[in-house]
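*Asks:* Take a look and give me a structure for this.
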Amino acid sequence: MTAVEPATERQPQSAAAPSPFPPIAEYAFLSNCHTGALVAPDGAIDWLCVPRFDSPSVFGSLLDREAGFFRLAPFGINHPTAVVYQPGTNVLETTWKTPNGWIVVRDALTMSPREHEDTVTPHTRPPADDDADHMLIRTVECLEGEVEVELVCEPAFDYGRSPAEWTLIGDDRHAADATGAGATIRLHTDLSLGIEENRIRARHVLEAGDRAYCSLSWDESLASPKDVDEADSRIAATTRFWRAWLGRARIPDHRFRDPVQRSALTIKGLTYMPTGATVAALTTSLPETPGGERNWDYRYTWIRDTTFTLQALHMLNLDWEADEFMQFVADVEATEDGSLQIMYGIDGRRDLTESTRDEMTGYAGASPVRVGNGAFDQRQNDVFGAALDSILLHTRRSERLPRRLWPIVQTQAECATKVWREPDQGIWEARGKPQHYVSSKLMCWVALDRAAKLAEIRGDGEAQETWAAVADEIREDILANGVDDRGVLCQHYGSDALDASTLLAAIFGFLPGDDARLKASVMAIAEELTDDGYVLRYKTDETDDGLSGKEGTFLICSFWLVSALAIIGELQMARDLMERLLRVASPLGLYAEEFDAETGRHLGNFPQAFSHLALMEAAGRIILPEMTAQL
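*Replies:* From the prediction side, this is the model:
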């Protein structure tokens, strides 16, 4: 009789498990402010959606190793010597050492002075002086010796469901069109191309001083550089664009200057220039739990991000971008009761119905892969406060309250007044039972407090008095029901569980920095809601979020803790945590959504706007008192 082995319990998958998928933090981010790309450490473009951030992917190897990639690198060499951004840009330089020589590859989603109306991604905002070329350009230069370079381009349209059909253009083997799922892109190069079913390939030996290029175009006319000089010129124009943009930012001469600059470039790179919207992240379905189901599509605009976005942009003196984003918020359509949705498409659309791509393996086996976001129609009462805090920030900065924004103030204040007593899904979009989340009540207080201040600016004394009274009522309710026996703000009424979102009580001024309850709340989170010093959103075994599996520490929450520590006067603790957070940035200074303290790996969608916004806010909380002390 054959013995039957006892079933073994499946062990949690490690973020550091051997995998053909590169670690999330090893990807480089490119952007033209219409879409973005991720470049793997082996030189392959593993993620690109065209023509917009939320379009179906053309290269999707990030989520399935058969879903398309585009590589330009030395033949047979997978590990580069150095990968860096050209300083002050989102232009990438990768240096390769081979047995016989050295080459450098430069990659850019190119920008150039605007010459005509953009019909590929039409603008609703006033066009800027520079705009996207709708083109990816890659150049290679041999620095020493000789190197055999290989180009492999294998698109798979519509999230890998439609392999490319290639057709050579002309009779010189330098251009070819790939079609699939109703889309066409053009590859142009000075290398000689050959079609191998669904992919196209070229190989060429470069000697010292030799240069070559390739470009991928989805422009309406499929325009491409005619030679390597034009390709270099377009990359140079893109470099000038990013440096000129960054040059307009006000960034203090401080040891945090470089991470603040990289965060600013990342936030700008995640901005959809035609409407002024900002995507929460470039990607969909990068897992929060290795191999798990906590995989979401973040290629949309969250209204709660507005206030953090405006804080960061105004802090850096980037008022044009702040105004563009505020105008996007003013344009979006409210729901039937007049409230704003928690998120919108980058074109302002309301319907973000979620579906899954079950044929994709997911990143390192994490499934499902999701397109759309089912949380778009959830009730989250924090949205009112985010919107009105944004309007107050913008109004104080511009020293005027635009007429088109006052109706939003009225409707959001009215909505917050009606719903603040009701349970909701909370700031983390929990898919469990609605609760009376403290952070939701807190953000309703923010809504009425800011509405009262805006009414004062407008000279509407009656509205000011009415909204201030409701704000006081909410505040009293939170302090009566949302504080546990230790004097600590809890996750929701009737619970003593901790939640990092209560750190917003410090950031939004709900309680003064010297209040004993605020100090107790911040210190409780620092001591009890952390993993190796990094902050969890909440403990998954104490919170019904409708999902299984553990999640990593949240980088935004860790940066919030930096801000909160500074606000309560624990400046040295704030500095210590900030330094630790800066040390766990990706090699290129980027952050995903989460950090696995056990393995040191990044988890979740990448790069994550919220993480970078919170970094800038936290940096400001440390920089300001340090610079003030020098006066």
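*Asks:* What sits closest to residue 302 if chain neighbours are left out?
*Replies:* Excluding the flanking residues, the one nearest residue 302 by C-beta to C-beta, 6 or more residues apart in numbering is residue 343, at 4.8 Å. Glycine gets a C-beta too; all of them are placed from N, C-alpha and C.
*Asks:* which SS state does residue 236 fall under?
*Replies:* Secondary structure state of residue 236, per DSSP: H, G, I helix; E, B strand; the rest coil, is helix.
*Asks:* okay, now it: neighbour count?
*Replies:* Applying other C-beta atoms under 10 Å, we find 16 residues neighbouring residue 236.
*Asks:* Please report how far it lies from residue 363.
*Replies:* 34 Å (C-beta to C-beta, to the nearest Å).
*Asks:* again, but for residue 171
*Replies:* Counting by C-beta to C-beta, the separation of residue 171 from residue 363 is 41 Å.
*Asks:* before we move on, what about residue 553?
*Replies:* Separation of residue 553 from residue 363 (C-beta to C-beta): 19 Å.
*Asks:* Not counting its own residues, what contacts the helix or strand hosting residue 615?
*Replies:* Residue 615 belongs to helix 609-629 when assigned by DSSP states H and E. Applying C-beta atoms under 8 Å, 6 or more residues apart in numbering, the set of residues contacting helix 609-629 from outside is 252, 254, 256, 259-260, 262-264, 266-267, 270, 278-281, 305, 308-309, 311-312, 315-316, 507, 555-556, 559-560, 562-563, 566-567, 571, 574-575, 578, 581, 590-593.
*Asks:* By neighbour count, sort out the buried ones in these.
*Replies:* Buried members of those, counted by 16 or more other C-beta atoms under 10 Å: 256, 259-260, 262-264, 266-267, 270, 278-281, 305, 308-309, 311-312, 315-316, 507, 555-556, 559-560, 562-563, 566-567, 571, 574, 578, 581, 590-593.
*Asks:* In strands only, show me the residues you listed.
*Replies:* residue 278 (DSSP state E).
*Asks:* Identify each of the helices in the stretch 101-250 of the chain and give its residue range.
*Replies:* Taking DSSP state H, counting those that start in this stretch, the helices of the stretch 101-250 of the chain run over residues 157-160, 228-247.
*Asks:* now do the chain
*Replies:* 157-160, 228-247, 257-269, 305-315, 319-331, 383-398, 406-419, 438-458, 461-481, 504-507, 516-528, 555-567, 571-583, 609-629 (DSSP state H).
*Asks:* Packing partners of the fifth one?
*Replies:* The reference is to helix 319-331. For helix 319-331, the packing partners by 3 or more C-beta pairs under 8 Å, 6 or more residues apart in numbering; DSSP states H and E come out as strand 271-272, strand 277-278, helix 305-315, helix 383-398.
*Asks:* and the helices of the stretch 101-250 of the chain as CSV, adding mean pLDDT and distance to residue 141?
*Replies:* Below are the helices of the stretch 101-250 of the chain laid out as CSV (pLDDT from 0 to 100; distance: least, C-beta to C-beta, whole Å):
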stretch, mean pLDDT, distance to residue 141
helix 157-160, 97, 31
helix 228-247, 97, 9
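*Asks:* nearest to residue 125, of the ones you listed?
*Replies:* Evaluated over the helices of the stretch 101-250 of the chain, closeness to residue 125 peaks at helix 228-247, with 15.5 Å, by C-beta to C-beta.
*Asks:* which other residues reach the helix or strand bottoming out on mean pLDDT in the chain?
*Replies:* Using mean pLDDT, DSSP states H and E, the weakest-scoring helix or strand in the chain turns out to be helix 305-315, at a mean of 84. The contact list for helix 305-315 (C-beta under 8 Å, 6+ apart) reads 250, 263-264, 267, 278, 280, 319, 321-322, 325-326, 329, 385-387, 389-390, 393-394, 397, 609-610, 613-614, 616-617, 620.
*Asks:* Same check on stretch 96-107?
*Replies:* With contact meaning C-beta under 8 Å, 6+ apart, stretch 96-107 is reached by 28, 30, 37, 39, 43, 45, 72-74, 77, 80-81, 86, 91-95, 136-149, 206-208, 235.
*Asks:* same question for that stretch, mean pLDDT?
*Replies:* Per-residue pLDDT over stretch 96-107 has a mean of 98.
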